[in-house]
Each structure stands twice: as C-alpha cells, then as structure tokens.
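Visitor: sequence plus the predicted model coming up.
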Amino acid sequence: MGRLFGTDGVRGVANTELTGELAFQLGRAGAHVLAGETHHTPRILVGKDTRRSCDMLEAALVAGICSAGADAVLTGVIPTPGIAWLLRHGGYDAGVVISASHNPAEFNGIKFFNGDGYKLPDALEGYIESILLDTQQEIPHPIGAKVGTISRLREAQELYATFAAGTIRDRLDGFRVAIDCANGAAHKVAPKALRDLGADVLVMNDAPDGMNINSHCGSTHMENLSAFVRAHNCQAGLAFDGDADRMLAVDENGDLVDGDKIMAIIGLSLKSRNMLANNTIVATVMSNLGLDVMARENDIRIEKTKVGDRYVLEKMIEDNHVIGGEQSGHIILRMFNTTGDGLVTGLQLLKAMKDAGKTLSELASVMQIFPQVLKNARVSNQKKHHYLDDKVIAAKCRELEETFHGEGRVLIRPSGTEPLVRVMIEGRDQAFITEKAAELARLIELRLG
C-alpha cells in the first residue's frame with residue numbers, strides 16, 4: 001500500500017481504493033492520534049456529502065472511532081466548512097468529513113480536522129499513516145463502558161446556515177440570486193441562508209440521489225448557471241462544488257466571476273471598511289496576472305504561495321492575513337472560518353454588491369483577466385526538477401520576462417506525477433504568448449528530453 005494522504009485527505013474510488021476496511025482503520029488511527037491526549041472521553045464530529053458511498057464509509061469510520069474509545073457525533077449531510085465552524089463552537093476534540101469535493105460520485109474521501117477546525121498538517125497525517133502502514137504502534141481496544149458511543153447533532157445544518165447568514169450583518173431584500181447546489185452538501189443550507197436574509201432565491205441542482213453530485217452541475221460546470229441567470233434576470237449566480245468549500249459566480253450577464261476576481265472584489269470591499277489586514281491578499285502562483293495589476297493600482301499587496309489551499313492558509317496564519325484563495329473559488333476568509341467556505345464567500349460577494357450599489361459585472365471589471373497559455377514539455381523524469389539549472393532555459397525565461405515589462409510572466413512547474421514540465425505564459429497578446437510558450441516548451445524538451 002502506498003502513501004494514503006494526498007493534498008486533501010485520503011481519496012479514491014469508493015469500495016475499491018477507499019474501502020470500508022480502510023475507513024475503519026482510519027477511524028481508529030485518527031481517533032487515537034487526534035484525541036489520545038485528552039483526559040476525558042473524546043468527541044469526534046463526523047459530516048458527509050451526498051454520495052451514495054458516504055453511508056457505507058460513515059458506518060465503517062464511526063465503528064473505528066468508537067472502537068478506539070472515542071464518541072462519534074454525526075451531523076449527516078453538511079458542507080465541509082460547516083464541520084470546521086462547528087468544531088470551534090461545540091467543544092469537540094476533532095472532526096472528519098467524508099467527501100471527494102468536486103470529483104464525480106464514484107470517488108470519495110476522508111479528511112480530518114483538529115479541534116480548532118483546521119485541516120491537519122503533513123506531519124500529523126504522516127503519523128496517522130505510519131500507524132496504519134508501519135504497524136509499529138498498537139491502538140488500544142477499550143472494553144465495557146470505555147467503548148465509544150454514537151449520537152446525532154440534528155440541528156447541525158440550521159446552526160451552520162444561521163452562522164453563515166450572520167456573517168454579513170445585513171439584509172438581501174430585492175436581490176434575485178440563482179444558486180447551483182451541485183446536488184451536494186449545500187442543497188439545504190445555502191437556500192435557507194439566502195432566504196433567511198430576504199433574497200429571492202432560484203435554486204438549481206438541489207435534488208441529490210447519491211449519484212448526481214457534481215454531474216454536469218456546480219462550480220465545475222458553469223455553463224448551465226450562466227444560461228439560467230440570463231433567462232431569469234438574476235443579479236448574480238452562485239455555484240458550489242460537492243462539499244461547498246468552493247464557490248464560483250456569474251454576473252447578471254452570465255459571465256464568469258472566478259476566484260481571482262472574487263478575491264479582488266471582496267478584498268477591495270474589506271479595504272474600504274479598513275478590514276483588510278496588512279493590506280494584503282494571499283494567492284497562489286497560478287493566480288492570474290490581472291490580480292497583481294489590480295492590486296498595484298489599488299495599493300494592495302499580493303502574497304504568492306505554492307498551489308494548494310493548505311499553503312494559502314499557512315501563509316495567512318503565519319502573517320495574520322484575512323483573505324486568500326485560488327482561481328478555483330476556494331476562498332478563505334479567516335475572520336469567519338478556518339477553511340474555504342463557499343456559502344460565506346457567496347454572501348460576502350453579495351454584500352460587496354449591496355454596499356457599493358453596483359452590479360456584479362461593474363465590480364468584476366476592476367480586474368482584467370490576462371490570457372494564459374499552458375504547454376507541456378515531455379522530459380526525462382530524472383531531469384524534470386532541474387530546468388532552472390540549465391543556463392539556456394534560464395536565460396530564455398529571463399528574456400521573455402523582460403519583454404513583458406511587468407505585464408506578462410513565465411511560470412514553469414514540474415508535474416508531480418508525469419515526466420513533464422508545464423510551461424505557463426501569461427500576457428496581453430494571446431497570439432504572442434501562444435507562440436512563445438510553444439518555443440519554450442520545445443527548448444525544454446531539447447535540453448532535458
């Protein structure tokens with residue numbers, strides 16, 4: 001068995017890669033590691049999305065938790081950020097979410113949170129993994145009254161929806177908003193939060209059947225929401241992914257408002273209220289250059305991290321920043337939650353519209369999306385991490401950067417799984433950057449192939 005934890009928990013095809021047996025073992029090891037130092041019976045909160053396999057995996061996971069002497073508290077279906085928020089307000093020792101986020105229904109995942117609502121660092125995931133794979137540590141088998149119990153937090157969805165609605169301290173009367181719930185975890189809480197605030201809510205894809213989560217809907221398929229917003233004269237459309245930790249929007253014309261533009265809009269809104277800590281937005285190296293230009297024009301700093309929400313959050317915590325995220329719509333607003341929260345992000349976007357008295361398209365126009373071209377260079381697996389050691393490649397990259405005069409960039413990254421170097425070039429002229437990306441990819445293949 002190889003490494004279990006990826007960038008966002010343990011993922012795989014349910015019942016072949018992510019089996020009931022593995023879920024049981026993860027429950028035991030996770031409970032032992034995350035709650036082992038407590039001097040009371042540990043309480044672990046467990047949530048899930050709408051996949052058919054969630055019930056099977058939940059039963060196995062919870063059996064493992066209880067067999068390690070911890071109590072399991074089940075929320076049922078709830079967005080991942082709902083678990084993160086509840087953990088900080090309910091006196092729990094840890095939490096688990098069963099979800100594969102934006103992936104198709106046949107996949108599933110198990111991700112752990114500590115009692116403060118944060119995803120686990122690599123070292124702690126590695127410790128859980130070593131218990132399962134190396135079997136160097138025996139997990140106790142408590143008996144009698146020390147075996148864990150199962151209970152249900154039936155009001156979990158209502159508690160989370162009320163929290164989310166309360167983050168804007170305002171009303172949305174007069175707003176007509178379309179939401180695409182991806183047949184996932186937000187299908188009840190998102191409509192409730194918006195309607196409680198007075199919005200006229202038109203809902204798409206809120207009838208999960210266990211197999212239709214993310215199927216031609218949600219934040220990975222924006223075309224249907226775009227058409228729906230235009231057809232029903234909505235002021236905005238919000239689309240969530242399966243576990244609702246991401247949100248992408250469309251404006252009143254049906255045009256996409258991606259994660260970079262969402263960060264720009266909310267960042268400027270926070271700045272106008274003196275709430276943008278350190279005058280900084282945290283983004284990844286894959287964020288569009290237009291975000292940097294917007295920031296420069298509005299006296300905002302952009303801090304860049306590696307790709308991945310965990311690296312964004314690490315930087316935010318390290319330097320006490322309040323907003324960060326990715327193009328995908330995984331936006332973290334630390335004044336409200338400890339992880340990406342699609343519902344809260346959507347509400348903050350609507351608040352920005354109301355405060356400014358502007359349409360979403362007007363707000364989004366503050367940032368121009370620069371064209372991006374991505375080319376793959378097939379190289380030797382042994383050499384893919386040494387592209388900048390090659391003086392010819394490094395010189396070509398510098399030459400290209402200089403031609404852009406601050407309005408273009410070159411980004412080269414080795415693939416994590418294939419013998420490829422990925423070349424991304426960004427700039428105002430689509431034809432020029434396409435030509436230069438192809439030239440650079442050919443040069444890398446020639447030098448490192």
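Guide: Looks like it came in fine.

Visitor: how does the chain divide up, domain by domain?
Guide: Domains of the chain are assigned by automatic domain parsing as 5-153, 159-364, 372-448.

Visitor: which stretch in those has the least confidence?
Guide: For the domains of the chain, the stretch scoring lowest in mean pLDDT is domain 372-448; its value is a mean of 88.

Visitor: on that earlier part again, CSV please, covering the domains of the chain and showing mean neighbour count.
Guide: To be clear about C-beta, it is placed using only N, CA and C from the backbone, and glycine gets the same treatment. Rendered in CSV, the data for these read as follows (neighbours: other Cβ atoms under 10 Å):
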stretch, mean neighbour count
domain 5-153, 20
domain 159-364, 21
domain 372-448, 16
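
Visitor: mind checking how far the helix or strand where Glu318 lies is from the chain centre?
Guide: Secondary-structure element containing Glu318, defined by DSSP states H and E: helix 309-319. Using Cα atoms, centre = their mean, to the nearest Å, the distance from the centre of helix 309-319 to the centre of the chain it belongs to is 13 Å.

Visitor: got a list of contacts for it?
Guide: Counting contacts by Cβ atoms under 8 Å, 6 or more residues apart in numbering, the residues outside helix 309-319 that touch it are 7-8, 118-119, 278, 280, 282-284, 303, 305, 321-326, 330, 332, 334, 338-340.

Visitor: in a strand, Val201, correct?
Guide: Yes - the assignment for Val201 is a strand, going by DSSP: H, G, I helix; E, B strand; the rest coil.

Visitor: take the helix holding Glu318, keep the C-alpha atoms, and write them as CSV.
Guide: The C-alpha trace of helix 309-319 is given here as CSV (Å, rounded to 0.1, in the frame of the first residue of the first chain):
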residue,chain,number,x,y,z
ASP,A,309,-5.3,25.8,-0.2
ARG,A,310,-3.2,24.5,2.7
TYR,A,311,-0.3,26.6,1.6
VAL,A,312,-2.5,29.7,1.3
LEU,A,313,-3.8,29.1,4.8
GLU,A,314,-0.3,28.5,6.2
LYS,A,315,0.8,31.9,4.8
MET,A,316,-2.4,33.6,6.2
ILE,A,317,-1.8,32.2,9.7
GLU,A,318,1.9,33.0,9.6
ASP,A,319,1.5,36.7,8.7
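
Visitor: which strands or helices does the helix or strand that it is followed by pack on?
Guide: Using DSSP H and E, the next helix or strand after helix 309-319 towards the C-terminus is strand 323-325. Contact partners of strand 323-325 among helices and strands, from 3 or more Cβ pairs under 8 Å, 6 or more residues apart in numbering; DSSP states H and E: helix 259-272, strand 280-284, helix 309-319, strand 331-333.

Visitor: so which residues make contact with stretch 142-149?
Guide: For stretch 142-149, with Cβ under 8 Å, 6+ apart as the criterion, the contacting residues are 31, 41-42, 65-72.

Visitor: chain center to it: distance?
Guide: Going by Cα atoms, centre = their mean, the spacing between the C-alpha centre of stretch 142-149 and its chain's C-alpha centre is 36 Å.

Visitor: longest helix anywhere in the protein?
Guide: The single longest helix within the chain, with elements called by DSSP state H, is helix 430-448.

Visitor: the closest residue to Gly408 other than its chain neighbours and Ile302, how far apart?
Guide: Excluding the flanking residues, the one nearest Gly408 by Cβ to Cβ, 6 or more residues apart in numbering is Gly427, at 3.2 Å. For Gly427, the distance to Ile302 under the criterion Cβ to Cβ, to the nearest Å works out to 18 Å.

Visitor: Gly408 is in contact with Lys436, isn't it?
Guide: No - with contact defined as Cβ atoms under 8 Å, Gly408 and Lys436 do not form a contacting pair (9.1 Å).

Visitor: and Met1, what pLDDT?
Guide: Residue-level confidence at Met1 comes out at 41, pLDDT.

Visitor: element containing Tyr160, please.
Guide: In the assignment (DSSP H and E), Tyr160 maps to helix 156-166.

Visitor: also Ala227?
Guide: Per DSSP H and E, Ala227 falls inside helix 223-231.

Visitor: identify the residues contacting that helix?
Guide: Under the criterion Cβ under 8 Å, 6+ apart, residues 178, 180, 202, 204, 216-217, 234, 236-237, 239, 250-256 lie in contact with helix 223-231.

Visitor: for it, the distance to its chain's centre please.
Guide: For helix 223-231, the separation from the chain centroid amounts to 23 Å (computed by Cα atoms, centre = their mean).

Visitor: sheet-wise, list the partners of the next helix or strand after it with their directions.
Guide: Sequence-wise, the next helix or strand downstream of helix 223-231 (DSSP H and E) is strand 236-240. Sheet pairing here is set by DSSP bridges, and for strand 236-240 it gives strand 176-180 (parallel), strand 247-250 (antiparallel).

Visitor: any idea of the angle the helix or strand following the first one forms with helix 156-166?
Guide: Right, the one you point to is strand 176-180. Counting by DSSP H and E, the next helix or strand C-terminal to strand 176-180 is helix 189-196. The directions of helix 189-196 and helix 156-166 differ by 50 degrees, with axes from the mean of the first three to the mean of the last three Cα atoms, to 10 degrees as the criterion.
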